[in-house]
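Trainee: turn this into a model:
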Amino acid sequence: MTAQLRDLTPEQIEALFTRNDGAYAFARWGRPVAPIVFGVQDETLKTLKGALEAVMTLAGHQMAETDPELGSNLMFFFFRDWDELLEVPDLDRLIPGLQPLVARLKAADASQYRAFRFDDQGGIKAGFVFLRMKGAMAQIPAETLALTQAVQVALLWGEAAFAEASPLAVLPETGATILRPEIAGVIAAAYDRMMPVAADDKSHALRLFARLQAPAEQPQN
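Mentor: Residues are numbered from 1 along each chain as shown. From the prediction side, this is the model:
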């Protein structure tokens, strides 16, 4: 695992949090995560919450039953057609410009969309995940889908962070799907208590890189 962690260069870490316009934008959750899931059966609900718990435990971050301000601060919506979102009561209050957004997502034949809200320090205070369960998306095993989504809401990643490589890997020995060690390392480093909840300077990537190297520099017994 150590060798894989060291494979990430500062430039690669920087790319994980670089927006399409070239700006560096990092944020982590600034409060306990209180999820709610719409549109799935109980078994899928358990799988998704289990994946979230696993990623948040890795990060050293808490989960909660409710958020004192918002009730639930991480909402997952599973559906078959984007137009279904227009029928969800009060969703347009949570997602301003919902109607034109749905139109854009339909035109792009998008399968997923994420939106975040931030607190005064720039940390994530709410997240909204929309998953259109049609075509290839509907064929993804529940465990794989759940872990992928849990990773993608743990931090504010750049739009292209996982465009070329999934955050997950398959163990050849067992066929089990796991979080790639280098991505797990980035998440853990990002939630280090000495790290900021938000950053817009590329030097933040160097600080993450330094924390990824620290375990490897310790002498072996």
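
Trainee: going forward, measure contacts between C-alpha atoms and count neighbours the same way
Mentor: Noted.

Trainee: part of a strand, is Phe128?
Mentor: Yes - when DSSP: H, G, I helix; E, B strand; the rest coil is applied, Phe128 is found to be in a strand.

Trainee: who does it form a beta bridge with?
Mentor: When assigned by DSSP bridges, Phe128 has beta-bridge partners Met75, Ala115.

Trainee: hmm, Ser72 and it touching each other?
Mentor: No - using CA atoms under 8 Å, Phe128 is not in contact with Ser72, being 10.4 Å away.

Trainee: so where's this structure uncertain?
Mentor: Within the chain, the stretches with pLDDT under 70 are 1-6, 215-221.

Trainee: break it into its domains for me.
Mentor: Taking automatic domain parsing as the reference, the chain has its domains at 1-28+155-215, 31-140.

Trainee: endpoints of the longest one, how far apart?
Mentor: Looking at domain 31-140, the gap from its leading to its trailing residue is 30 Å under the measure CA to CA, to the nearest Å.

Trainee: can you list the buried residues in stretch 76-85?
Mentor: By neighbour count with 16 or more other CA atoms under 10 Å, stretch 76-85 contains the buried residues 76-79, 82, 85.

Trainee: what are the neighbouring residues in contact with Thr177?
Mentor: Taking CA atoms under 8 Å, 6 or more residues apart in numbering, we find Thr177 in contact with 144, 168-171.

Trainee: and it, bridged to which residues?
Mentor: Legend: beta-bridge partners of Thr177 under DSSP bridges are Val170.

Trainee: between the contacts of Thr177, which is closest to Gly185?
Mentor: For the contacts of Thr177, the minimum distance to Gly185 (CA to CA) is 12.8 Å, reached by Leu168.

Trainee: right, and that closest one touches Ala184 too?
Mentor: No - counting by CA under 8 Å, Leu168 does not reach Ala184; the two are 9.6 Å apart.

Trainee: distance of Asp201 relative to Gly175?
Mentor: From Asp201 over to Gly175 the distance is 39 Å, taken as CA to CA.

Trainee: show me which of these two is the more surrounded one.
Mentor: Legend: neighbour count by other CA atoms under 10 Å for Asp201 and Gly175, higher for Asp201 (12 against 9).

Trainee: let's verify the more buried one: helix, strand, or coil?
Mentor: Assigned with three-state DSSP, Asp201 falls in the coil class.

Trainee: which residues does it contact?
Mentor: 24-25.

Trainee: could you do Glu53 as well?
Mentor: Contacts for Glu53 (CA under 8 Å, 6+ apart) come out as Met63.

Trainee: apply 6 Å and report the result again.
Mentor: By CA atoms under 6 Å, 6 or more residues apart in numbering, no residues touch Glu53.

Trainee: try Val186
Mentor: Val186 makes no contacts at all, as judged by CA under 6 Å, 6+ apart.
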